[in-house]
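J.: here you go, sequence then predicted model.
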Amino acid sequence: MTAQSISSAQAIPLAYLLHILTDLRRAGLLRSHRGTIAGYELARPATSVTLAEVIAVIERDLSRPTLEEISYPGAAAPLRDVWLAVRSSTSTILRSVTLADVAQRTLPPAVQALAARPYPPPAGRTSPWPW
């Protein structure tokens, strides 16, 4: 696919998308072609590329402290472990979903079960998030 067609289909600004595509190519997840067949293709089968790999490449450029470096004072100290658990759970899910799963709309059963679980917001709130 061309960067322009991906940009249009997914409503991603072209300049931003080109940066992402370059990072994915450098990481070995994509191949780029020039000439009459210009565009990008996966370097491996979609069944072997996980969302965790893609996100790891995209997030690599973010400069922020790691969770291991964060600490909270006093009674809030256990929050670090909560965030570590959230990261671990998220990572487990992202490692279980491939690009083929997304493209074919066939998410793993464990992911489907989590997505189907009702998560009502607390009474009086319209968002499930506490913030």
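T.: Noted; the coordinates are in hand.
J.: next, G39: phi, psi?
T.: phi 150, psi -170 (degrees, to the nearest 10).
J.: quick check: closest non-adjacent residue to it.
T.: Leaving out its chain neighbours, the residue that sits closest to G39 by C-beta to C-beta, 6 or more residues apart in numbering is T2, at 4.4 Å. (Glycine included, C-beta is placed from N, CA and C.)
J.: burial check on that neighbour, number of neighbours?
T.: T2 sits with 12 neighbouring residues when counted by other C-beta atoms under 10 Å.
J.: got a list of what it touches?
T.: Listed by C-beta atoms under 8 Å, 6 or more residues apart in numbering, the contact partners of T2 are 38-40.
J.: dump these into JSON lines; add neighbour count as well.
T.: Below are the contacts of T2 laid out as JSON lines (neighbours: other C-beta atoms under 10 Å):
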{"residue": "A38", "neighbour count": "12"}
{"residue": "G39", "neighbour count": "17"}
{"residue": "Y40", "neighbour count": "19"}
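J.: reformat these as a markdown table; add distance to L94 and pLDDT.
T.: Converted to a markdown table, these look like this (distance: C-beta to C-beta, whole Å; pLDDT from 0 to 100):
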| residue | distance to L94 | pLDDT |
| --- | --- | --- |
| A38 | 30 | 87 |
| G39 | 26 | 92 |
| Y40 | 21 | 95 |
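J.: where exactly do the helices run in the protein?
T.: Secondary structure of the chain (DSSP state H): helices at 3-10, 14-26, 51-59, 79-96, 99-104, 109-116.
J.: can you pull the buried residues of the first one?
T.: So that's helix 3-10. 3, 6-7 (16 or more other C-beta atoms under 10 Å).
J.: same deal with the fifth one?
T.: Judged by neighbour count using 16+ other C-beta under 10 Å, the buried positions of helix 99-104 are 99, 101.
J.: got it, and the third one?
T.: Applying a neighbour-count criterion of 16+ other C-beta under 10 Å, one finds 51-54, 57 buried in helix 51-59.
J.: gap between M1 and A56?
T.: Distance, M1 to A56, using C-beta to C-beta, to the nearest Å: 22 Å.
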